[in-house]
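*Asks:* Okay, sequence plus prediction incoming.
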Amino acid sequence: GNSVTQMEGPVTLSEEAFLTINCTYTATGYPSLFWYVQYPGEGLQLLLKATKADDKGSNKGFEATYRKETTSFHLEKGSVQVSDSAVYFCALRGAGGSYIPTFGRGTSLIVHP
Amino acid sequence: GAGVSQSPSNKVTEKGKDVELRCDPISGHTALYWYRQSLGQGLEFLIYFQGNSAPDKSGLPSDRFSAERTGGSVSTLTIQRTQQEDSAVYLCASSLGVGGSGANVLTFGAGSRLTVL
């Protein structure tokens, strides 16, 4: 079945540091890939997505590239802010069969001033 | 409404009691999902509704859990004879359906936090 593995947190950074949160997946075919973000006290919301190999999703300074060869979709940001402190979830949605999105366990990011 | 609405936002109950959690999806979204978020466990899929099709119940952890969706809109998740391990945040999400780019993106509610004493 489909699965998503992401690095365990918490990830603790100083403001303006570079961020990478690793995500790898297992799926048949060509799934769509997503990063969702959950700010404190709020529901999950879509951060970015990519629907085919080599696509780059980007939003709010965050980027992730769909790498079919390494089955990865790592999240990056060049300079984090305190307001980026949240839990980040990597997810995939299968290309056929099950349309139910599969989520990783989430990675907590804490950014200090 | 503009977003996915869930109620109650917080529920404390005693072991053995039944609870009902409600989800009101975005108008026009035909797909509705329930997930459970436990501490350190990520999102666990529970049940999926798509239009008038039979729901996918493959994620329900036991027969104490059930859900229905009336009129293709509001959904209720029911947990009977609650146990302490049922304590979690129950998340509802909706999407446009199974086809097209809009179907890929889920819009989540803020969740219902259930505490079983």
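*Replies:* Received the coordinates, thanks. Numbers count the residues shown, from 1 in each chain, chains lettered A, B, ... in the order given.
*Asks:* going forward, measure contacts between C-alpha atoms and count neighbours the same way
*Replies:* Noted.
*Asks:* so how many other residues sit close to residue 59?
*Replies:* In the absence of a named chain, this looks at chain A. 12 (other CA atoms under 10 Å in any protein chain shown).
*Asks:* Let me rephrase: I mean chain B.
*Replies:* Neighbours of B:G59 (other CA under 10 Å): 15.
*Asks:* got any ranges where chain B has weak pLDDT?
*Replies:* Filtered on pLDDT under 70, chain B yields the residue ranges B:1, B:98-103.
*Asks:* ok, which stretches of chain A are strands?
*Replies:* For chain A, applying DSSP state E gives strands covering A:3-6, A:11-14, A:19-21, A:23-26, A:32-38, A:45-50, A:56-59, A:62-65, A:75-77, A:86-93, A:102-103, A:107-112.
*Asks:* could you redo those strands as TSV and give each row distance to B:L117?
*Replies:* Output for those, formatted as TSV (distance: least, CA to CA, whole Å):
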stretch	distance to B:L117
strand A:3-6	32
strand A:11-14	32
strand A:19-21	36
strand A:23-26	36
strand A:32-38	26
strand A:45-50	30
strand A:56-59	41
strand A:62-65	40
strand A:75-77	38
strand A:86-93	27
strand A:102-103	28
strand A:107-112	27
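*Asks:* Out of those, flag the one nearest B:D63.
*Replies:* For the strands of chain A, proximity to B:D63 was assessed by CA to CA; strand A:102-103 is nearest, at 22.3 Å.
*Asks:* Parallel or antiparallel, which strands does that closest one pair with?
*Replies:* strand A:86-93 (antiparallel) (DSSP bridges).
*Asks:* How many residues are close by residue 49?
*Replies:* Defaulting to chain A. Considering only other CA under 10 Å, A:K49 is surrounded by 26 other residues.
*Asks:* hm, I was asking about chain B
*Replies:* For B:F49, using other CA under 10 Å, the count is 23.
*Asks:* can I assume it is in contact with B:A67?
*Replies:* No. With contact defined as CA atoms under 8 Å, B:F49 does not reach B:A67; the gap is 9.5 Å.
*Asks:* circling back: give me whichever of the strands of chain A is most buried.
*Replies:* Per-stretch averages of neighbours, counted by mean count of other CA atoms under 10 Å in any protein chain shown, single out strand A:86-93 among these, with a mean of 25.
*Asks:* List of residues touching that strand?
*Replies:* For strand A:86-93, contacts defined as CA atoms under 8 Å, 6 or more residues apart in numbering or on different chains pick out A:4, A:6, A:23, A:25, A:31-40, A:73, A:99-110, B:104.
*Asks:* Specify the angle between that strand and strand A:45-50 in degrees.
*Replies:* With axes from the mean of the first three to the mean of the last three CA atoms, to 10 degrees applied, the angle from strand A:86-93 to strand A:45-50 works out at 50 degrees.
*Asks:* for strand A:86-93, the distance to its chain's centre please.
*Replies:* Relative to its chain's centre, strand A:86-93 lies at 5 Å (CA atoms, centre = their mean, to the nearest Å).
*Asks:* quick one on the thing from earlier: with mean pLDDT added, can I get the strands of chain A in JSON lines?
*Replies:* Compiled in JSON lines, those are given as follows (pLDDT from 0 to 100):
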{"stretch": "strand A:3-6", "mean pLDDT": "94"}
{"stretch": "strand A:11-14", "mean pLDDT": "97"}
{"stretch": "strand A:19-21", "mean pLDDT": "97"}
{"stretch": "strand A:23-26", "mean pLDDT": "96"}
{"stretch": "strand A:32-38", "mean pLDDT": "95"}
{"stretch": "strand A:45-50", "mean pLDDT": "95"}
{"stretch": "strand A:56-59", "mean pLDDT": "97"}
{"stretch": "strand A:62-65", "mean pLDDT": "98"}
{"stretch": "strand A:75-77", "mean pLDDT": "98"}
{"stretch": "strand A:86-93", "mean pLDDT": "95"}
{"stretch": "strand A:102-103", "mean pLDDT": "93"}
{"stretch": "strand A:107-112", "mean pLDDT": "96"}
